[in-house]
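Asker: Build me a model:
(one chain, ligands or ions: 1)
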Amino acid sequence: MGNIIIIGFMGTGKTTISKKLSSRYKMEIIDTDRMIVQREGLSISEIFEKYGEEYFRTLETNLLIELQSRHNTVISCGGGTPLREQNVAIMKKCGKVVLLDATPAMVLERVKNSDSRPLLRGRKNLEGITELMEQRMPRYKAAADIVIQTDHKTVGAICEEIMKKI
Ligand code: S3P
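Answerer: Alright, predicted model coming up:
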């Protein structure tokens, strides 16, 4: 089995879906945000505050380069990973890229009680989320082999749809 790379806007369920996919289909799992936090010994917000967004993006790129040699792994990416063309090229070489899509209302519902996402600071409302999502969507779509709409679907149903489409 090749790799499955999960991308999508913040709050589209990448981590949850990746966990379920990996356990149900006996695959390894890597969450890039989690791995970066572990290695740096800092939270995502702290990394952004201390070193800035570009530094974080470079950590993402370096990690993806390292992950190219993996097999049978679900790689759950941060919401901004497909914004760098270099990252998209690596993802496409690595395996099937699956975009999880959700409406801004559903994203807002999922992120409203969390403060861990620096890029949503001051933007945690429908207008802010819609604007950032629309700005990023062309990049997400260009990176994706498969697009899955997730609103009102169970985690199990989403995983089955991913496997069917792959
Ligand atoms: C980001 C998404 C976050 C995290 C960082 C930047 C983004 O990951 O990588 O806060 O630019 O969309 P999640 O999508 O897992 O929240």
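Asker: going forward, measure contacts between C-alpha atoms and count neighbours the same way
Answerer: Fine.
Asker: so where does the residue lying farthest from the centre of the chain fall, helix or strand?
Answerer: Within the chain, the residue lying farthest from the chain centre (CA atoms, centre = their mean) is Lys50, at 22.5 Å. If you go by DSSP states H and E, Lys50 is part of helix 44-51.
Asker: Okay, buried residues for that helix please.
Answerer: Residues of helix 44-51 classed as buried by neighbour count (16 or more other CA atoms under 10 Å): Ile44, Ser45, Ile47, Phe48.
Asker: Kindly tell me how buried Glu54 is, as a neighbour count.
Answerer: 10 (other CA atoms under 10 Å).
Asker: Same check on Gln86?
Answerer: Neighbours of Gln86 using other CA under 10 Å come to 13.
Asker: Return the residues of this protein in contact with the ligand.
Answerer: Contacts of the chain with the ligand, taken as CA under 6 Å from any ligand atom, map to Phe9, Met10, Gly11, Asp33, Ile44, Gly78, Gly79, Gly80, Arg117, Pro118.
Asker: how about a cut-off of 5 Å?
Answerer: Neighbours of the ligand within the chain, by CA under 5 Å from any ligand atom: Met10, Gly78, Gly79, Gly80, Arg117.
Asker: Could I get the residues you listed in CSV, plus columns for distance to Val98 and pLDDT?
Answerer: Output for the residues of the chain next to the ligand, formatted as CSV (distance: CA to CA, whole Å; pLDDT from 0 to 100):
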residue, distance to Val98, pLDDT
Met10, 14, 97
Gly78, 13, 97
Gly79, 12, 97
Gly80, 14, 97
Arg117, 22, 93
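Asker: Who wins on neighbours among the residues you listed?
Answerer: Met10 (22 neighbours).
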